[in-house]
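K.L.:
No sequence on hand, only this structure:
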């Protein structure tokens, strides 16, 4: 016979309503009572029926996750498993399940969102990237449906809860670092130009060049997918220039991995012939050859804080809009080098 709330209440010597409040982690119940009730639940092998709770409370106890593209391509980049680890860790603490979009195209992803919202499959949504003119954000705002965004909104930032790094500042700092090493021909290998993170990092790169009086060159700017193949294509294009760059700011470690491999195949030494700096500080940045200088953007924390903000919004609809900036740090390794000055012949 199945164990019920009444059985737990009897063993813990409390009312059944108290057991319900302990399951919901109500702040009205003392810590001592919570411990006694949870010990009784464990002793009896009782597990809360969240489906029944959801029906009673008109909630799903689930969060929707919207990926920036098809799951097949996304999971090639270690950024996403790590940000999902942050989201799932906090969600687990709060007894929320995760419901992930699986669409291959932008239209299919939008249809997934509509199904989640209109089918009442989730209580709120985390968007894992910020795009220019994102119809999903417009839709969620129109429906007044709880959501948080990892990244800076392209517009109406003051009305959207979001968690991000200061990508403008980070890109400016890494470009200044390369300039400080004597480089004045610095390329920028960015991700998709429709992503806000790419635009912010490009602006930071441009500002650092401008402040140092270095001419901005359109031919030094390449946009590719956040994949290893994207880095490979970018390198080939940049090295084909009459005057190729001597240093590269790469928007993602996986792209930078492709950059390093391609430079090695072409006989270009890193860092002696080409300095490379990247973002995300993934594990592969430490084991690459040479170890890659990279910006640690605290990916786990981005996911964790995005989930925290969303659950706060779900559980308190009047919760005010938040803008959370997660700090970054440049992890200096062996992929950047002081540029050797070329003396002019007399």
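P.N.:
Here it is on my side, so go on. What you see is a predicted model; the values in this text were computed from it and never measured. Residues are numbered from 1 along each chain as shown.
K.L.:
For the helix or strand hosting residue 113, which helices and strands make contact with it?
P.N.:
Residue 113 belongs to helix 106-118 when assigned by DSSP states H and E. When contacts are defined as 3 or more Cβ pairs under 8 Å, 6 or more residues apart in numbering; DSSP states H and E, helix 106-118 packs onto strand 62-66, strand 124-127, helix 135-142. To be clear about C-beta, it is placed using only N, CA and C from the backbone, and glycine gets the same treatment.
K.L.:
List the contacts of it.
P.N.:
Under the contact criterion Cβ atoms under 8 Å, 6 or more residues apart in numbering, helix 106-118 has outside partners 64, 66-67, 69, 99, 101-103, 121-122, 125, 135-136, 139-140, 143, 145.
K.L.:
Whichever of those residues end up buried, select them in ChimeraX.
P.N.:
Of these, the buried ones can be selected in ChimeraX as follows, counting by 16 or more other Cβ atoms under 10 Å:
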select :64,66,67,69,99,101,103,122,125,136,140,145
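K.L.:
Export the helices and strands packed on helix 106-118 to CSV and append columns for mean pLDDT and distance to residue 35.
P.N.:
Output for the helices and strands packed on helix 106-118, formatted as CSV (pLDDT from 0 to 100; distance: least, Cβ to Cβ, whole Å):
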stretch, mean pLDDT, distance to residue 35
strand 62-66, 95, 28
strand 124-127, 97, 30
helix 135-142, 94, 39
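K.L.:
Dump the ones you listed into CSV; add distance to residue 290 as well.
P.N.:
Putting those into CSV (distance: least, Cβ to Cβ, whole Å) gives the following:
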stretch, distance to residue 290
strand 62-66, 35
strand 124-127, 35
helix 135-142, 40
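K.L.:
For residue 331, find the nearest of the ones you listed.
P.N.:
Residue 331 lies closest to strand 124-127 among these, at 26.6 Å (Cβ to Cβ).
K.L.:
Can you list the strands that the closest one pairs with?
P.N.:
With DSSP bridges as the test, strand 124-127 is paired with strand 62-66 (parallel), strand 147-150 (parallel).
K.L.:
Residue 287: which of those strands is closest?
P.N.:
Per Cβ to Cβ, nearest to residue 287 of these: strand 147-150, 25.9 Å.
K.L.:
Tell me which other helices or strands the helix or strand that the closest one is followed by touches.
P.N.:
Sequence order places strand 162-164 as the next helix or strand after strand 147-150, per DSSP H and E. If you count contacts as 3+ Cβ pairs under 8 Å, 6+ apart, strand 162-164 packs onto strand 147-150, helix 299-315, strand 323-325.
K.L.:
same thing but 10 Å
P.N.:
Here strand 162-164 touches strand 147-150, helix 196-211, helix 299-315, strand 323-325, going by 3 or more Cβ pairs under 10 Å, 6 or more residues apart in numbering; DSSP states H and E.
K.L.:
How much space separates residue 330 from residue 323?
P.N.:
Residue 330 sits at a distance of 23 Å from residue 323 (criterion: Cβ to Cβ, to the nearest Å).
K.L.:
if you count what's nearby, which of the two comes out ahead?
P.N.:
Counted by other Cβ atoms under 10 Å, residue 330 and residue 323 do not tie: residue 330 has more neighbours, with 17 against 14.
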